[in-house]
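Colleague: task: produce atomic coordinates for the following.
(2 chains)
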2 protein chains.
Amino acid sequence: MDEVEDLLADVGERAPAPLVRPSLEALTSGGKRLRPLLLILAARMGDADTGDLLRAATAIEVLHTATLVHDDIVDGAKTRRGIPTAAARYGREVAAATGDYLFAETFSGLAGIGDPRLVRAFAEASVGLAVGELEQYRANGATVEVEAYLEHIRKKTAGLFRVACVAGGTLGGLSLAQIDALATYGQALGIAFQMSDDIMDLVGKPGLMGKGIGTDLVEGTVTLPVIFALREGDSGTIRRVLSDPRPSAELLEAGIEAVLATGAVEKTEEWARGEIEGALRDLSLLPDCPERDFLESVASEVVGRDA
Amino acid sequence: MDEVEDLLADVGERAPAPLVRPSLEALTSGGKRLRPLLLILAARMGDADTGDLLRAATAIEVLHTATLVHDDIVDGAKTRRGIPTAAARYGREVAAATGDYLFAETFSGLAGIGDPRLVRAFAEASVGLAVGELEQYRANGATVEVEAYLEHIRKKTAGLFRVACVAGGTLGGLSLAQIDALATYGQALGIAFQMSDDIMDLVGKPGLMGKGIGTDLVEGTVTLPVIFALREGDSGTIRRVLSDPRPSAELLEAGIEAVLATGAVEKTEEWARGEIEGALRDLSLLPDCPERDFLESVASEVVGRDA
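Modeller: Numbering: from 1, shown residues only, chains lettered A, B, ... in the order given. Purely as a prediction, here's the structure:
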């Protein structure tokens, strides 16, 4: 993973001059690197060329970063992980070019591997990411059903988790059945990961005191716990927060309380656990090895994040 | 070329549902298809697989279209080729997702060919396109030197012309020396093409009466004839038009007149002709065949556009 960090910094440093700083900042702002980790673990279950493996692991994080940079433009987000977004610091035009550069670098890096299956898988995932962001935008403030929510996070979060696992399995030369099991694992893990993120937005991060900060509510994003809470709780208050582009601290607090007063968080946790159980079942189709153990613990940790 | 048209329509039709209409409109709004034409002609100088050829020809037009869609967002352009832009008709968010979809489709299509050199060449060109658009944005209203202008159009226009020729030559299995000659031809043709476009913005299209519409001046884009005119003409008037975000019809007319009163258009024509002469010299390194004749006539036509 250290080598991936170095390669990510290289991508930033070899950017065209006006994009070096925004690229470097976006690439090295301390993400969890979960997607490259999944890719490497999946590949190590087989026998992958180390150079190809590092290229693909770097490419998937570069693609992920490209979508974050573009999403922050569309959402008008001012900060991410506590630091100013490229759009906020350098303006929309520079941020758009930075995202385009990172997107192109993804495919340029993949070209070095020379396996068209990877290029196609990454391209398909990025189509899903583009459409997913759009659906999120469209759903803002409107009524969202569980199925639409699932469809959205399948594209927006689970797609890249799935591709990470598939690309790794492909590079490792695993059998189609094994790659298929990894794909299902990655998809379920991504869904559970997103649900866990949705919960943390309401209850706060594990290990930290206090409530969540309700960013999704402020942005009008209807997450799964919010969908559940709208059905059984004080939907008037929740809708007021969702539809207010700049809710007061009191209104936001009331909105979070209104969600937490229902069983919405518990229902979401239960759903996420169900996804993880499915993911673990799929892993059991793969050979027993240290990497499989690691993938299992990644899965368990995702639902444990909010415990 | 008819098959390329069909494949372009297919790309629009298989877009995710909310992007079908904007994609189709962007892909089938009647561009000149010069890039796919160049690619096909270059490939036919050798021996290319027809399926691969059509995929690559489609991909280069899809990439070109993706950059137009994204550029129209950054520029805030309301119409292109007389019809509303995706950004104007569907909003920035849908337009951004449409551009991302087309971008991803480019690489998905290329993956079907299975030649990593093409993926890398397209990715490099698209990095250039992203940065070129940014430089254009930054140059608006400011003083621009000839060298900066050339650097900009090398990336923004000539890059894709060059890649079209290189990709075609690669698919045709030409020798490296021949591909190199095609690359230099494509680059020079692209530069001349852009200069000819710059001139038409001032003097109007061939065959039509009257002056140009001065869109570049209105947008504050400093083109080569404008650079020349600023040096030797009524620079005060020209600068007033460039710096006014909404110049009156009278001011715009005066600005166009001020440029035309100098030898700027003639100087630009001369430069474009020099580029074309270079392009024709490079073509002479290629075997004498109907495709070469066609490439020669494409080049001659570019400088003849404003005659």
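
Colleague: which SS state does A:Ala167 fall under?
Modeller: helix (DSSP: H, G, I helix; E, B strand; the rest coil).

Colleague: contacts only, for it.
Modeller: By CB atoms under 8 Å, 6 or more residues apart in numbering or on different chains, A:Ala167 lies in contact with A:39, A:42-43, A:56, A:60, A:118, A:121-122. Every C-beta, even on glycine, is put in place using the N, C-alpha and C of the backbone.

Colleague: which of those has the largest number of neighbours?
Modeller: A:Leu39 (33 neighbours; other CB atoms under 10 Å in any protein chain shown).

Colleague: and that residue, how far from chain B?
Modeller: Distance, A:Leu39 to chain B, by CB to the nearest CB, to the nearest Å: 18 Å.

Colleague: quickly find the element holding that residue.
Modeller: Assigned by DSSP states H and E, A:Leu39 belongs to helix A:34-44.

Colleague: by contact count, what packs against that helix?
Modeller: helix A:50-75, helix A:159-171, helix A:176-203, helix A:290-304 (3 or more CB pairs under 8 Å, 6 or more residues apart in numbering or on different chains; DSSP states H and E).

Colleague: quick one: that helix to helix A:176-203, angle?
Modeller: 160 degrees (axes from the mean of the first three to the mean of the last three CA atoms, to 10 degrees).

Colleague: which residues does helix A:34-44 contact?
Modeller: Contact with helix A:34-44 is made by A:1, A:4, A:53, A:56-58, A:60-61, A:64, A:160-161, A:164-169, A:171-172, A:174, A:182, A:186, A:189, A:193, A:291, A:294-295, A:298, as judged by CB under 8 Å, 6+ apart.

Colleague: equivalent analysis for stretch A:149-165, please.
Modeller: With CB under 8 Å, 6+ apart as the test, stretch A:149-165 has contacts from A:34-36, A:38-39, A:42, A:60, A:63-64, A:121-122, A:124-125, A:128-129, A:131-133, A:135-136, A:139, A:182-183, A:185-191, A:193-195, A:197, A:222-224, A:227.

Colleague: buried set for the one helix or strand A:Val241 maps to?
Modeller: If you go by DSSP H and E, A:Val241 is part of helix A:235-243. Neighbour-count burial for helix A:235-243, counted by 16 or more other CB atoms under 10 Å in any protein chain shown, picks out A:237-239, A:241-242.

Colleague: mind putting those residues into CSV with pLDDT?
Modeller: Supplementary listing: the buried residues of helix A:235-243 in CSV, determined by pLDDT from 0 to 100:
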residue, pLDDT
A:Thr237, 94
A:Ile238, 93
A:Arg239, 91
A:Val241, 92
A:Leu242, 90
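
Colleague: just give me the closest of the residues you listed to B:Leu280.
Modeller: Nearest to B:Leu280, judged by CB to CB, of these is A:Leu242 at 63.3 Å.

Colleague: number of nearby residues for A:Val74?
Modeller: Neighbour count for A:Val74, taken as other CB under 10 Å: 17.

Colleague: give me the spatial nearest neighbour of it, chain neighbours excluded.
Modeller: Closest residue in space to A:Val74, ignoring its immediate chain neighbours: B:Glu93 at 5.5 Å, by CB to CB, 6 or more residues apart in numbering or on different chains.

Colleague: quick check: next helix or strand after the helix or strand harbouring the one you found?
Modeller: Element membership for B:Glu93 (DSSP H and E) is helix B:92-111. As assigned by DSSP H and E, the chain's next helix or strand after helix B:92-111 is helix B:116-139.

Colleague: that next one packs against which elements?
Modeller: Helix B:116-139 packs on helix A:92-111, helix B:50-75, helix B:92-111, helix B:146-153, helix B:159-171, going by 3+ CB pairs under 8 Å, 6+ apart.

Colleague: show me which residues of that helix are buried.
Modeller: Under the neighbour-count criterion of 16+ other CB under 10 Å, helix B:116-139 has B:116, B:118-137, B:139 buried.

Colleague: any low-confidence regions in the stretch 51-200 of chain A?
Modeller: Along the stretch 51-200 of chain A, segments meeting pLDDT under 70 span A:136-143.

Colleague: need the residues of it near chain B, please.
Modeller: Applying CB under 8 Å from any CB of the partner chain, one finds that the stretch 51-200 of chain A approaches chain B through A:70, A:73-74, A:92-94, A:96-97, A:100-101, A:103-105, A:107-108, A:110-114, A:116-117, A:119-120, A:122-124, A:126-127, A:129-131, A:133-135, A:137-138.

Colleague: for the residue nearest to the spatial centre of chain A, give me phi and psi.
Modeller: With distances taken as CA atoms, centre = their mean, A:Thr157 lies nearest the centre of chain A, 4.1 Å away. Backbone torsions for A:Thr157, taken as degrees, to the nearest 10, come to phi -120, psi -50.

Colleague: and A:Pro247, by the same measure?
Modeller: Main-chain torsions, A:Pro247, degrees, to the nearest 10: phi -70, psi 150.

Colleague: rewinding a little: closest to A:Glu275 out of the contacts of A:Ala167?
Modeller: A:Ala42 (18.1 Å).

Colleague: can you give me how far the helix holding B:Glu93 is from the chain middle?
Modeller: 18 Å (CA atoms, centre = their mean, to the nearest Å).

Colleague: can you check stretch A:149-161 too?
Modeller: Computed by CA atoms, centre = their mean, the chain-centroid distance of stretch A:149-161 equals 8 Å.

Colleague: first-to-last residue distance for that stretch?
Modeller: Using CA to CA, to the nearest Å, one end of stretch A:149-161 lies 17 Å from the other.

Colleague: equivalent analysis for stretch A:256-265, please.
Modeller: 11 Å.

Colleague: kindly report the same for stretch A:236-255.
Modeller: End-to-end distance (CA to CA), stretch A:236-255: 9 Å.
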